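Trainee: I'll drop the sequence and a predicted model, then ask my questions.
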Amino acid sequence: MQVSDLQPEEYSQNNGRYIGILPKDLELIKSFKDDFDVILNLFQYIPSDKWDYRYAEGKWNLKEVFQHIIDTERIFIYRCFRIARHDKTPLTGFEQDDYILPSEADKKSIEDLMEEFKAVRQHSIILLKSLNDNDLKFIGIVNGNPISARAAAFNIIGHNKWHIDIIMERYL
């Protein structure tokens, strides 16, 4: 299953900004494995003096960005799971800024954040391997908009790419 298999009615414009930056030939499960390496390599080699850096007032530091990546994957893989199981219950959106303060990401070690990311990603890959193509095509409603299970999964990879680009441009 590739990004090119997605149909326009499978995701909203908001999700399209993340899905739209992905290569059309990107394969779903392989993208999760490749992105795993990209994320770990990036965060593993960030100098310790950069972890608390904020490129502007009110912006997250790198620990908070990493936590946001982890939390967003948790939320979107949960959405993917619910939708793939043909759950027709509309799901709510979430306010990303509300998650940062209680996460206490700025108090976590890089090793703890890496461990958390590894566990979440392993869970995501195992879940995706268990889903068939028909279930991944199922469309649910999230925050008042349609999204397929596979679009929710691809959104994770696009979201990560989005943040990696910002990290490279504004933090490093």
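Mentor: All right, it came through fine. Residues are numbered from 1 along each chain as shown.
Trainee: Now do stretch 53-68: everything it contacts.
Mentor: Counting by CB atoms under 8 Å, 6 or more residues apart in numbering, stretch 53-68 makes contact with 43, 46, 50-52, 96, 99-100, 103, 105-106, 108, 110, 113, 117, 163, 166-167, 170-171, all of which sit outside it. Any C-beta I mention is one placed from the backbone N, CA and C, and that applies to glycine too.
Trainee: Just the buried subset of those, please.
Mentor: Restricting the contacts of stretch 53-68 to buried positions leaves 43, 46, 51, 99-100, 103, 105, 108, 113, 117, 163, 167, 171, with burial counted as 16 or more other CB atoms under 10 Å.
Trainee: Among the contacts of stretch 53-68, which are located in helices?
Mentor: When the contacts of stretch 53-68 are checked against helices (DSSP state H), the matches are Phe43, Gln96, Tyr99, Ile100, Ser103, Ile110, Leu113, Phe117, His163, Ile166.
Trainee: Let's have those in CSV, adding distance to Ser124 and pLDDT.
Mentor: Below are the ones in helices among the contacts of stretch 53-68 laid out as CSV (distance: CB to CB, whole Å; pLDDT from 0 to 100):
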residue, distance to Ser124, pLDDT
Phe43, 17, 95
Gln96, 18, 94
Tyr99, 18, 93
Ile100, 21, 95
Ser103, 19, 96
Ile110, 21, 94
Leu113, 16, 97
Phe117, 10, 98
His163, 16, 97
Ile166, 22, 96
